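Asker: Pasting the sequence and the predicted coordinates here, then a few questions.
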Amino acid sequence: MSTAIEANKKRVNTENHQSTIRPLVNITRTEDAISLHIAMPGHSKAGISISVKNNTLSIVSNAERDKIQPKYIRREFGNVNYKRSFDLPKDIHQDKIDATMDQGILCITLPIKPEEKPKSITVK
Amino acid sequence: MNKIIKRSPSHSLVGLIDEFFNIGNTMGSDMTHSVPSVNIAENDHAYILSMAAPGLKKDEFNISLEHDKLFVSSMKSTNDSVYTKREYDYNGFKRSFNLSKDIDRNEITASYDQGILEITLPKIQGEVEQKVKRIEIG
């Protein structure tokens, strides 16, 4: 498979009341790179950690705790932690993975290694 | 009395109505999350409406007030990316909220940071009751 495949599909609950959920992702692909656009509204880059181990890309982001708990009259989203991982295809340059955070979207660029040219062997 | 949104029998959900007009991408719509989630908090001075709509630009939002309704929508920006996977698309949503009488329509403000649109709806201090028109039976 040429696309990044998620390794962990389960939504996990942590013990300390603050839940951890799987963030939504959009994936685009060009000839040179695969881009992951991970939606983590309300999070800043300070709380994010990204790691690659055994061809698995893992993203963890911890929410900032509310100092004062507001009185909610409607609550559709919580102050959650995010966690999601992806299996990387073989042709990704793992040393050149790049990430930016803008308006709650973590964008991870996974550069694709140029295809190795088949060696041609001349029969003598 | 201090409800931002009117109660309606058909919308018993926490007693708060809001309407979805999902004009988003129809392709794979069951899979794509296209209506941003909203929290509404209340304190003595204001209602704070927070909408989780990450990845947009400030000027792609359209916030308007028509009669007693607050409309929040995003403009559809042209996007020719080819998606391998698409779980969200916040380009082209519309949500509306009924405003209660104690909100000062002229002092509503909004900001957008870290993918959260925050609209502050200040309360009119102590004037609400005086505005009620009493009609005596003649």
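Answerer: It's in. Worth saying up front: this structure is predicted, and the values here are computed from it rather than measured.
Asker: Now B:Ile103. Nearest residue, chain neighbours left out?
Answerer: Distance criterion C-beta to C-beta, 6 or more residues apart in numbering or on different chains; nearest residue to B:Ile103, sequence neighbours excluded, is B:Leu121 at 4.8 Å. (C-beta placed from N, C-alpha, C; glycine too.)
Asker: How many residues are close by the residue in chain B positioned nearest to chain A?
Answerer: Residue nearest to chain A within chain B: B:Gly115 (1.9 Å; C-beta to the nearest C-beta). By other C-beta atoms under 10 Å in any protein chain shown, the residues close to B:Gly115 number 23.
Asker: just checking, the residue nearest to B:Ile103 is part of a strand?
Answerer: Yes - under DSSP: H, G, I helix; E, B strand; the rest coil, B:Leu121 falls within a strand.
Asker: how many neighbours does A:Gln103 have?
Answerer: 17.
Asker: my guess is it meets B:Gly55, correct?
Answerer: Yes - between A:Gln103 and B:Gly55 there is a contact under C-beta atoms under 8 Å: 5.7 Å.
Asker: So for the two, which residues contact both of them?
Answerer: Taking C-beta atoms under 8 Å, 6 or more residues apart in numbering or on different chains as the criterion, A:Gln103 and B:Gly55 both touch B:Gly115.
Asker: quick revisit: list the contacts of the residue of chain B closest to chain A.
Answerer: Neighbouring residues of B:Gly115 by C-beta under 8 Å, 6+ apart: A:39-42, A:103-105, B:52-56.
Asker: Tell me where chain B has strands.
Answerer: B:19-20, B:37-42, B:46-52, B:61-66, B:69-74, B:83-86, B:94-98, B:109-113, B:116-122 (DSSP state E).
Asker: Return the most buried member of those.
Answerer: The highest mean neighbour count among these, using mean count of other C-beta atoms under 10 Å in any protein chain shown, belongs to strand B:46-52: a mean of 22.
Asker: does any part of that strand sit near chain A?
Answerer: Yes - with C-beta under 8 Å from any C-beta of the partner chain as the criterion, chain A is reached by strand B:46-52 at B:47-48, B:52.
Asker: Put the alpha carbons of that strand into PDB.
Answerer: Taking Å, rounded to 0.1, in the frame of the first residue of the first chain, the C-alpha atoms of strand B:46-52 are listed here in PDB:
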ATOM      1  CA  ALA B  46     -21.700  37.000  28.600                       C
ATOM      2  CA  TYR B  47     -22.300  33.800  26.700                       C
ATOM      3  CA  ILE B  48     -19.200  32.500  25.000                       C
ATOM      4  CA  LEU B  49     -19.700  30.400  21.900                       C
ATOM      5  CA  SER B  50     -16.700  28.300  20.900                       C
ATOM      6  CA  MET B  51     -16.700  26.500  17.500                       C
ATOM      7  CA  ALA B  52     -14.100  23.900  16.700                       C
END
